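Asks: Model the structure of this input:
(one chain, ligands or ions: 1)
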Amino acid sequence: MMMRLDRRSALSPSTPSSRGMDKYEQLAVVGEGSYGVVLKCKRRDNGQLVAIKKFLETEEDAAVRKMALREIRMLKKLRHEHLVNMIEVFRRKRRFYLVFEYLDHTLLDELEAATGGLGEDTAKKHLYQLLKGIDYCHQNSIIHRDVKPENVLVSNTGIVKLCDLGFARALAAPGEPYTEYVATRWYRAPELLVAEHRYGPEVDIWAIGCLFAEMLTGDPLFPGDSDIDQLALIIKTVGKLAPRHQQVVSRLSGGAALAGSGSKGTLPGTGLAKELMAACLRTEPRARPSASSLLRHKYFISDGFAESFNAELRKKLGKDV
Ligand SMILES: Oc1ccc(-c2ccc(-c3cc(Nc4ccc(CNC5CC5)cc4)n[nH]3)cc2)c(O)c1
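Replies: Model (predicted):
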């Protein structure tokens, strides 16, 4: 469906414009959420493919305007090889348009196309790049909060970038509780499932542990169909919750049965891969390693993988990484 995006008005003086939204031709819708739609577009003058997030509501809605400006402020701060970078911002008919890099497909597309997983070599390369992107977020005090296969983009040269930080948020000040937020259930850490007010970047590490397992097997690790079922699957595989979380669960209807016998199921993978995955999936958030320490894990270092893969990334990205 061809749609000419109308004349725009620059959102802020820091984004001087040329011919406005006329410079893009819409090619497809690649994503839809409750707050907006993501369009695959082509820049008319040079053929560059971009992804344009169009907010559905106009900025008359104060809540939408506040959320959009918060998202734009955050996105302007974050620039990294393994995050989808924002190129420019426009406003048209009192709606916000955010223009981003376009990558060929998502990790979900890869998982749906591959039976039995992506193979350990691809899974390891994707995992390493994901950890680099999330480490950058965490170093900048940003929690992504919705790491899942749809939010992991892959270029046709195998470069991986995290996207849709629309729900990301800055780390709360000490003592400040977070607002309620519901990450996609299958990748939601136990502390989110028990609605702990104080959660941190560890929720992203949990999600990455879930993604690593899914890349190896091709199947979601914890496909819960309710929050209680989600907790039951987690406990069955990785063992008991942290005592403070167990107390919360035992007060929920049917929660008492979730105490768990302590015997654990098995995680996919072998050797150092399984060791790294298990570390990401510790039910005590404080026990999960940081992204930066995971990047120095024996799994990436002991076989020379990090050194050779970083050289490969530098060539592909055409710059120092
Ligand atoms: O706050 C925000 C809001 C939106 C984004 C965002 C930025 C860029 C994208 C994006 C998507 C994309 N490529 C893409 C390609 C294909 C698909 C869907 N494939 C399946 C087969 C139908 C989905 C996405 N390239 N870039 C998506 C979201 C963001 O990164 C941050």
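
Asks: Quick check: the gap between the closest residue to Arg282 other than its chain neighbours and the ligand.
Replies: By the measure of C-beta to C-beta, 6 or more residues apart in numbering, the closest residue to Arg282 outside its immediate chain neighbours is Arg288, 5.1 Å from it. (Each C-beta comes from the backbone N, C-alpha and C, glycine too.) Using C-beta to the nearest ligand atom, to the nearest Å, Arg288 is found at 24 Å from the ligand.

Asks: okay, Arg288: pLDDT?
Replies: In the predicted model, Arg288 carries a pLDDT score of 98.

Asks: i'd like the first residue to be 25 from this point on
Replies: Sure, I'll start counting at 25 from here, so that last one is Arg312.

Asks: Excluding sequence neighbours, find me the nearest residue to Pro340.
Replies: Careful, residue 340 is Lys; it's not Pro. Closest to Lys340 by C-beta to C-beta, 6+ apart is Thr181, at 5.3 Å.

Asks: tell me the SS of that neighbour?
Replies: Using DSSP: H, G, I helix; E, B strand; the rest coil as the criterion, the local structure at Thr181 reads coil.

Asks: try Phe120
Replies: From three-state DSSP, the assignment for Phe120 is strand.

Asks: wait, what's in contact with Leu127?
Replies: Under the criterion of C-beta atoms under 8 Å, 6 or more residues apart in numbering, the neighbours of Leu127 are Val108, Leu177, Val178, Ser179, Ile183, Lys185, Cys187.

Asks: The second one - that's part of a strand, no?
Replies: Yep, that's Leu177 we're talking about. Yes: counting by three-state DSSP, Leu177 is part of a strand.

Asks: Low-confidence bits of the stretch 225-345 of the chain, can you list those?
Replies: Along the stretch 225-345 of the chain, segments meeting pLDDT under 70 span 277-280, 283-287, 343-345.

Asks: Could you rank the contacts of Leu127 by neighbour count and give me the top one?
Replies: Leu177 (26 neighbours; other C-beta atoms under 10 Å).

Asks: Now for the residue lying closest to that one once chain neighbours are set aside, which secondary structure element holds it?
Replies: Nearest residue to Leu177, sequence neighbours excluded (C-beta to C-beta, 6+ apart): Leu127, at 3.9 Å. Using DSSP states H and E, Leu127 sits within no helix or strand.

Asks: Now Leu127: phi and psi?
Replies: phi -120, psi 160 (degrees, to the nearest 10).

Asks: Check the gap between it and Val54 for me.
Replies: 10 Å (C-beta to C-beta, to the nearest Å).

Asks: Contacts only, for Tyr223.
Replies: Ile167, Tyr202, Ala213, Glu215, Leu216, Pro309.

Asks: and of those, the nearest to the ligand?
Replies: Ile167 (13.6 Å; C-beta to the nearest ligand atom).

Asks: Leaving out the residues flanking it, which one is nearest to the closest one?
Replies: Per C-beta to C-beta, 6+ apart, closest to Ile167 is Pro225, 5.1 Å.

Asks: That's all I had, so thanks and see you.
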